[in-house]
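predicted model, plus sequence, below.
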Amino acid sequence: MLSKKLYVGNLSFRTSSSDLDQLFSQYGSVISAQVLEDRETGRSRGFGFVEMNSDEEATAAVEALHDHEFQGRRLTVNEAKPREPRPGGGGFGGGGGSRGGYGGGGGGGGGSRGGYGGGGGGGRSDYGGGRGGRDRY
């Protein structure tokens with residue numbers, strides 16, 4: 001039996017991980033429940049994840065709780081998708097090995113996120129050719 005992780009969105013900023021655990025435990029065994037918080041402020045980011053013991057329990061929770069009002073907000077509940085690798089390693093250019101460096105092209109497909117201007121390379125203007133980077137000199 002494999003566990004199933006669910007995404008829970010549109011949470012009230014006062015919702016705690018234990019609130020999620022209690023809410024979802026009505027539909028089966030909760031392995032873990034976590035409300036994500038901002039690293040800087042410790043404030044809720046308004047979403048979290050709940051891991052249920054089985055597919056059946058997760059399906060029951062999604063069917064019951066998606067669009068359900070909880071603490072004054074209508075929840076979004078669905079199967080959590082695996083996190084796709086992010087180009088640039090977090091937006092500030094540090095440690096972003098997945099792009100193969102900023103030296104030429106960025107490993108293909110790296111531009112799918114749009115207006116980030118080369119992954120936020122910390123102001124460097126030599127990250128790749130031809131996109132206006134040379135104008136800054």
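Cool, the structure landed.

for residue 28, give me its contacts.
52-54, 56-58, 60-61 (CB atoms under 8 Å, 6 or more residues apart in numbering). Any C-beta I mention is one placed from the backbone N, CA and C, and that applies to glycine too.

of those residues, closest to residue 21?
When those are compared for distance to residue 21 (CB to CB), residue 52 wins out at 11.0 Å.

so the closest one bridges to which residues?
Counting by DSSP bridges, residue 52 is bridged to residue 4, residue 30.

I'd say it and residue 23 touch.
No: Residue 52 lies out of contact with residue 23 (CB atoms under 8 Å); the separation is 11.8 Å.

overlap in contacts, these two.
Counting by CB under 8 Å, 6+ apart, nothing touches both residue 52 and residue 23.

between the two, which is the more surrounded one?
With neighbours defined as other CB atoms under 10 Å, residue 52 and residue 23 compare such that residue 52 has more, 25 against 22.

so which residues of this protein form helices?
Secondary structure of the chain (DSSP state H): helices located at 17-24, 55-65.

in a markdown table, list those along with distance to residue 2 and mean pLDDT.
Shown next, in a markdown table, are those (distance: least, CB to CB, whole Å; pLDDT from 0 to 100):
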| stretch | distance to residue 2 | mean pLDDT |
| --- | --- | --- |
| helix 17-24 | 17 | 98 |
| helix 55-65 | 7 | 98 |
